[in-house]
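J.: Just the structure for this:
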Amino acid sequence: MITVNLYYTGTGGSARAFAEEMVRSGVVAAIRAEEGSLRYEYFFPMEDPETVLLIDQWTDQAAIDAHHASPMMGQIAALREKYDLHMKVERFVSDDSGLPEKDMKFIKQ
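T.: Model prediction:
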């Protein structure tokens, strides 16, 4: 599994407006329906009202590559330009081992 955190930053509420338009336009629903898509969710950092965090999770690199080759990427790029957003990206590859037992004592189930 591959998780990509994308931080979209703008001014004057543009990052949040971008996320809202992504949802309203149906692009988010279409991405979530793509083969290999596991998660596509927006979050709003409490301490930075001009940034939106997208957690984008895929089964593997082939699924990401197919997504990047889809027509939706053109729609996403156009919206990024419309809202003049800048991005920071973090990528994580899961080792599928789960949390170590010693860390579980800190997790309320």
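J.: Residue 99 contacts residue 109, correct?
T.: No: using Cβ atoms under 8 Å, residue 99 is not in contact with residue 109; the gap is 11.4 Å. All C-beta spots, glycine's among them, are computed from the backbone N, C-alpha and C.
J.: More neighbours: which of those two?
T.: With neighbours defined as other Cβ atoms under 10 Å, residue 99 and residue 109 compare such that residue 99 has more, 9 against 3.
J.: got the buried residues for stretch 72-87?
T.: For stretch 72-87, burial by neighbour count (16 or more other Cβ atoms under 10 Å) applies to 72, 75, 76, 79, 80, 83, 85.
J.: Tell me which of these has the lowest pLDDT.
T.: Among the buried residues of stretch 72-87, residue 72 carries the weakest pLDDT, at 89.
J.: close enough to count as contact, it and residue 33?
T.: No: using Cβ under 8 Å, residue 72 is not in contact with residue 33, being 10.5 Å away.
J.: Make CSV from the buried residues of stretch 72-87 and add secondary structure to it.
T.: Below are those laid out as CSV (DSSP: H, G, I helix; E, B strand; the rest coil):
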residue, secondary structure
72, helix
75, helix
76, helix
79, helix
80, helix
83, coil
85, coil
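J.: so which of these comes closest to residue 5?
T.: Nearest to residue 5 out of the buried residues of stretch 72-87 is residue 85 (Cβ to Cβ; 14.8 Å).
J.: which residues are common contacts for residue 99 and residue 109?
T.: Common contact partners of residue 99 and residue 109 (Cβ atoms under 8 Å, 6 or more residues apart in numbering): none.
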